[in-house]
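S.K.: My questions concern the predicted model and sequence given below.
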Amino acid sequence: MAKDQSTSQDPKEQGAKPPFPNQQQQLPGSDAALRPKADHGEQSYRGCGRLEGKHAIITGADSGIGRAVALAFAREGANVLVSYLNEHQDAEETRRLVEEAGRKAVTIAGDISDEAHCRNIVEQAMKQFGQIDILVNNAAFQTVHEHITEIPSEEFEYTFRTNIFAMFYLCKAALPQMKAGATIINTASVQAYEPRPTLLAYASTKGAIVTFSKALAQEAIEQGVRVNVVAPGPVWTPLIPASMPSSQTSEFGKDTPLGRPAQPAELAPAYVFLASQESSYIVGEVLGVTGGGKILP
């Protein structure tokens, strides 16, 4: 089993700091091409059986936060369905990590902006696992534009279809299959509270995710299902060089109090906490993991 990450390490020195190498990727991005490599907890995350016998769906689990959560869930005892767009090489690495932890991994490629595909994800989870205990809506699309007039209307719509419509589709399909004690964890962002104009579409969807989650939480808890949100600050993932100019990528996360972006491994414990019985009295809340960049209301 991997060793525990040192709890005495200086947070400012824990992850890679900018400037990063100039790099540009095509959307949706590739973890294999990311420099420096992201830390998903491969050498640091140690499970304690918090999710033993659970079965999870994680969207965007091929890389970044999704891979780190899949790894952590597996090491905590959960089987994982890895949903991803078309990053087959990255998804296979996530599968390897889950199976290396002794858990079952199911990979499903496809565009979650399509409702039929979302229904298929839920159907396959039920077929492979027999139940759904955890749904993590994590996949997201973003691009950077300097002015609203530069945003193609089709791209604005696709951002909403990927980031918020897909969440609706998946929750609608999964919730009837979930029993008391199950959890839904949605990924928002600090952008929901401190939006940058260059991320107008993305930030708008993240605000919608917070509102959607708080409303759904009140309904879902009637059947014993808890809904909560994780709101990350800047995180070093393939989406960054795939959606931002290289000049912005090289300085990504520098403006946080820690002077660096988070590594995906630093987000995973928040999802484990919200998925586990340790958070049994937490409903409809937003857990910020922002590096001090913003204290969420």
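M.R.: Here it is on my side, so go on.
S.K.: From now on I want contacts and neighbour counts done on CA atoms only, so please keep to that.
M.R.: OK.
S.K.: Can you tell me how far the closest residue to Ala275 other than its chain neighbours is from Tyr202?
M.R.: Of all residues not flanking Ala275 in the chain, Thr183 sits nearest, at 5.9 Å (CA to CA, 6 or more residues apart in numbering). Going from Thr183 to Tyr202 by CA to CA, to the nearest Å gives 25 Å.
S.K.: of these two, who's got more company?
M.R.: Neighbours were counted for Thr183 and for Tyr202 using other CA atoms under 10 Å; Thr183 has more, 29 against 26.
S.K.: give me phi/psi at the more buried one?
M.R.: When read as degrees, to the nearest 10, the backbone of Thr183 gives phi -140, psi 150.
S.K.: which residues does it bridge with?
M.R.: In this entry, Thr183 is beta-bridged to Ile134, Arg226, by DSSP bridges.
S.K.: do the same with Leu287
M.R.: Leu287 has these beta-bridge partners by DSSP bridges: Val230.
S.K.: Just list the residues touching Ala275, thanks.
M.R.: By CA atoms under 8 Å, 6 or more residues apart in numbering, the contact set of Ala275 is 51, 134, 182-185.
S.K.: And for Gly64?
M.R.: Counting by CA under 8 Å, 6+ apart, Gly64 touches 31, 38, 40, 236-238, 264.
S.K.: can you rerun that using 7 Å?
M.R.: Each residue near Gly64 by CA atoms under 7 Å, 6 or more residues apart in numbering is listed here: 237-238, 264.
S.K.: per-residue pLDDT, it?
M.R.: At Gly64, the predicted lDDT confidence score is 96.
S.K.: next one: Lys254
M.R.: At Lys254, pLDDT is 86.
S.K.: again, but for Ser280
M.R.: pLDDT, Ser280: 98.
S.K.: Any idea how many residues pack against it?
M.R.: When neighbours are counted by other CA under 10 Å, Ser280 registers 14.
S.K.: swap in the one 10 residues further on?
M.R.: Using other CA under 10 Å, the number of residues around Thr290 comes to 23.
S.K.: Look up how far Thr256 lies from it.
M.R.: Distance from Thr290 to Thr256, by CA to CA: 8 Å.
S.K.: which of the contacts of Gly64 lies closest to Ile151?
M.R.: Pro238 (21.5 Å; CA to CA).
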